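S.K.: 3D model of this:
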Amino acid sequence: MAFCPHCGNPIQPQAVVCVRCGAAANTAFVSTGAEQRDWLTMVLLCFFFGVFGVHRFYTGHRVIGIIQLLTAGGCGIWWAVDFLMILVGSYRDADGRALVR
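M.R.: Residues are numbered from 1 along each chain as shown. Okay, the predicted model is just below:
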């Protein structure tokens, strides 16, 4: 599996253009998925800095991260839900990839 170098969307290795963002999928620069996020890093970021949305920025959810930053993690509720989702393994990054354990 290969990923678009511009948006990280999964693409076919022989693809010419990314169907998500339209960027040229030059196979010399196609990512192999090395940007997958680490589960333990997410647990620690969410536990210690979750009310500031730091874990959301780490996974590429920038808009939601800003909202969590401004609302103190949704008054703690949004932070708790995210933390539980990370612990049980159902949290995904902005490109829909699971966290690596």
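S.K.: so for whichever strand or helix holds residue 68, what gets flagged as buried?
M.R.: Using DSSP states H and E, residue 68 falls within helix 62-70. Going by neighbour count (16 or more other C-beta atoms under 10 Å), the buried part of helix 62-70 is 64-65, 68. For the C-beta atoms, the positions are set from N, CA and C on the backbone; glycine is no exception.
S.K.: which one of these sits closest to residue 77?
M.R.: residue 68 (10.6 Å; C-beta to C-beta).
S.K.: burial measure for the spatially closest residue to residue 62 that is not a sequence neighbour, as a count.
M.R.: Nearest non-adjacent residue to residue 62, counting by C-beta to C-beta, 6 or more residues apart in numbering: residue 56, 7.5 Å away. By other C-beta atoms under 10 Å, 26 other residues sit near residue 56.
S.K.: quick revisit: for the helix holding residue 68, name the packing helices and strands.
M.R.: Identification of packing neighbours for helix 62-70 by 3 or more C-beta pairs under 8 Å, 6 or more residues apart in numbering; DSSP states H and E yields helix 54-58.
S.K.: sweet, I'm off.
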